[in-house]
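[1] I need the structure of the sequence given here:
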Amino acid sequence: MNAATGSAIPPTQWLVFQLADQAYATPLTYVSEIIRDGALTPVPGAAYDVLGIRQLRGQIVPVLDGCRRLGLRPVANAADAQAHIVVLSQLVQSQQAEQIGLRVDAVDGLLTVNESDISAAPSGRALRDSDPVRGVVAWKQGFVALLDVHKLCRLTKEVSHAG
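    Below is the predicted model:
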């Protein structure tokens, strides 16, 4: 229960996807759409985890490699036919949605999470301020790591870094 209001915190929906044979999820409220992986235009001098840009209904969308962003080694036999780009949106100071694509190996579906079910991320991981893993929840025969979209996409909560 929320101590300030006396009401229970409602469960949230998360989109679960695979990266390097591990399950990750982002809040569904940030997912604007899921598209098939396709041709990207490389960006010279871009960060290692930026695969390129893609035009999506007239808007230029940068696409990050989910595995590279999280420091994971890609699975050698991952089927490219299952690869998708999860388009994440966030309102920025100008009240316009900034979109960023995240390439994932496969999309698994939706997960409903109660705040009380979230555990701290496993110990032994490299801890850093920019760590996008917010916590973990039990899922199927293992767990799914819940990601903070702002940290995952290197967004601030107030202002977009892109111009």
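
[2] what's near enough to touch the residue nearest the centre of the chain?
    Centrality entry for the chain: nearest residue to the mean C-alpha point is residue 26, 4.8 Å, by CA atoms, centre = their mean. Contacts for residue 26 were tallied using CB atoms under 8 Å, 6 or more residues apart in numbering; they are 14-15, 17, 86, 88, 102, 146-147, 149, 152. Quick note: C-beta positions are derived from backbone N, CA and C, even for glycine.

[3] let's see it at 6 Å
    Contacts for residue 26 (CB atoms under 6 Å, 6 or more residues apart in numbering) come out as 15, 147, 149.

[4] Scan these and report the most crowded one.
    Tallying neighbours with other CB atoms under 10 Å puts residue 147 at the head of the contacts of residue 26, with 27 neighbours.

[5] Just the local confidence number for residue 162, please.
    What the model reports as pLDDT for residue 162 is 39.

[6] possible to save the contacts of residue 26 as CSV with distance to residue 43 and secondary structure?
    Supplementary listing: these in CSV, determined by distance: CB to CB, whole Å; DSSP: H, G, I helix; E, B strand; the rest coil:
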residue, distance to residue 43, secondary structure
15, 26, strand
147, 23, strand
149, 21, helix
